[in-house]
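Novice: When you get a sec, could you give me coordinates for this:
(chains A and B)
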Number of protein chains: 2
Amino acid sequence: MGLVYVFTGGGKGKTSTAIGLAVRARGHGKKVVFIQLMKGMPTGEIKPLESLGVEVYRFGTEKFVDFNNPSEEDRKLARQALEKAREKILEKPFLVILDEINVAIAAGLIPLEDVMALIESLPEETNLVLTGRYAKEELIRRADLVTEMREIKHYFKKGVSAKEGIDY
Amino acid sequence: MGLVYVFTGGGKGKTSTAIGLAVRARGHGKKVVFIQLMKGMPTGEIKPLESLGVEVYRFGTEKFVDFNNPSEEDRKLARQALEKAREKILEKPFLVILDEINVAIAAGLIPLEDVMALIESLPEETNLVLTGRYAKEELIRRADLVTEMREIKHYFKKGVSAKEGIDY
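Specialist: Numbering: from 1, shown residues only, chains lettered A, B, ... in the order given. A predicted model of the protein is given here:
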């Protein structure tokens, strides 16, 4: 079974790390599947990743998910993302990234058990990267590597808005 | 003056974040300069970054720097990296990344003041990313965004060795 990586915490760098790992693996010619949940808005990384041969799948609307009241559409898309992961894992890629899946679990869009089952079904050749705030304790216990991106300082807090080319 | 980003701490994800930010900026067609210190060994990310149009410069030998006794070669290379940063900043790129520079400062290869002066010379258009463990307090105070990559768990600690395509 491959290794399981979790990148969580409130600081900047979780999705960026996932992109970086995808690029590094492609540099070694390895097959990479990048599945992004809860994000439908345009972000700069998608085209370059695709041009490097990363398989990118996005499941999200252009609106932010309302944590207290996620829509049926949000749930459906998250389930589809998980289904895509199950399907792609059968092809035994070197790396599967589920970007923002921790948030999708925390928001109740998909059950933790389904993700735990996905982990147990990982082929020997396939490593799994799970990103997003609020990673569940059970997932952290199961993972081989966990980094908490701890926010020491962020300009969002000073009212500076998201910067094109850096934050999206 | 552009924004200053610091990614520090002992956990995995600092260089990966820098790669991710480079890719995202390139996705918006922005000019990116990626300067890597203290690394001369082959790593997977270099070719894909170059193929995306990132300007990559590496300053390091194939050996790890001995913190207690860095060589004259180590010092020379680190100074060259800083000189390259000064030179490239004049071209006003959107993003300059100094990967592992915090370690180079901590190891005494380059003086903190030189990096602080570089920051003060940043053009309005240029954002600066500084990565590596052991970021100095003065740098953290000056930065606009700081994330500490906190190691919750790492398989290196269990004796699992670095994985090609993920760790290099």
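
Novice: Packing partners of the helix ranked longest in chain A?
Specialist: Identified as the longest helix of chain A according to DSSP state H is helix A:72-89. Counting by 3 or more Cβ pairs under 8 Å, 6 or more residues apart in numbering or on different chains; DSSP states H and E, the packing neighbours recorded for helix A:72-89 are strand A:32-37, strand A:55-59, strand A:95-99, helix A:101-106, helix A:112-120. For glycine as for every other residue, the C-beta is placed from the backbone atoms N, C-alpha and C.

Novice: mind checking which of the ones you listed is nearest residue A:18?
Specialist: Closest to residue A:18 of the helices and strands packed on helix A:72-89, according to Cβ to Cβ: strand A:95-99, at 4.8 Å.

Novice: Partner strands of the closest one, with direction?
Specialist: With DSSP bridges as the test, strand A:95-99 is paired with strand A:32-37 (parallel), strand A:127-131 (parallel).

Novice: Return the most buried member of those strands.
Specialist: strand A:127-131 (a mean of 26; mean count of other Cβ atoms under 10 Å in any protein chain shown).

Novice: any idea of the mean pLDDT in that strand?
Specialist: Averaged across strand A:127-131, pLDDT comes to 98.

Novice: Run through who's touching it.
Specialist: A:2-8, A:14-15, A:17-18, A:21, A:94-102, A:115, A:118-119, A:122, A:139, A:143, B:163, B:166 (Cβ atoms under 8 Å, 6 or more residues apart in numbering or on different chains).

Novice: List only those of the residues you listed flagged as buried.
Specialist: Taking 16 or more other Cβ atoms under 10 Å in any protein chain shown as the criterion, what is buried in the contacts of strand A:127-131 is A:2-8, A:14-15, A:17-18, A:21, A:94-102, A:115, A:118, A:122, A:139, A:143, B:163, B:166.

Novice: got the buried residues for the longest strand seen in chain A?
Specialist: Ordering each strand of chain A by length in residues (DSSP state E) puts strand A:145-153 first. Neighbour counts over strand A:145-153 (16+ other Cβ under 10 Å) mark A:145, A:146, A:147, A:148, A:149, A:150, A:151, A:153 as buried.

Novice: now for it, which elements pack on it?
Specialist: Using 3+ Cβ pairs under 8 Å, 6+ apart: strand A:145-153 touches strand A:4-8, helix A:14-27, strand B:145-153.

Novice: Output the ones you listed in JSON lines; the columns should cover mean pLDDT and distance to residue A:78.
Specialist: Below are the helices and strands packed on strand A:145-153 laid out as JSON lines (pLDDT from 0 to 100; distance: least, Cβ to Cβ, whole Å):
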{"stretch": "strand A:4-8", "mean pLDDT": "98", "distance to residue A:78": "17"}
{"stretch": "helix A:14-27", "mean pLDDT": "98", "distance to residue A:78": "16"}
{"stretch": "strand B:145-153", "mean pLDDT": "97", "distance to residue A:78": "25"}
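
Novice: got the ones you listed as JSON lines, with distance to residue A:55 columns?
Specialist: Formatted as JSON lines, the helices and strands packed on strand A:145-153 follow (distance: least, Cβ to Cβ, whole Å):
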{"stretch": "strand A:4-8", "distance to residue A:55": "18"}
{"stretch": "helix A:14-27", "distance to residue A:55": "10"}
{"stretch": "strand B:145-153", "distance to residue A:55": "27"}
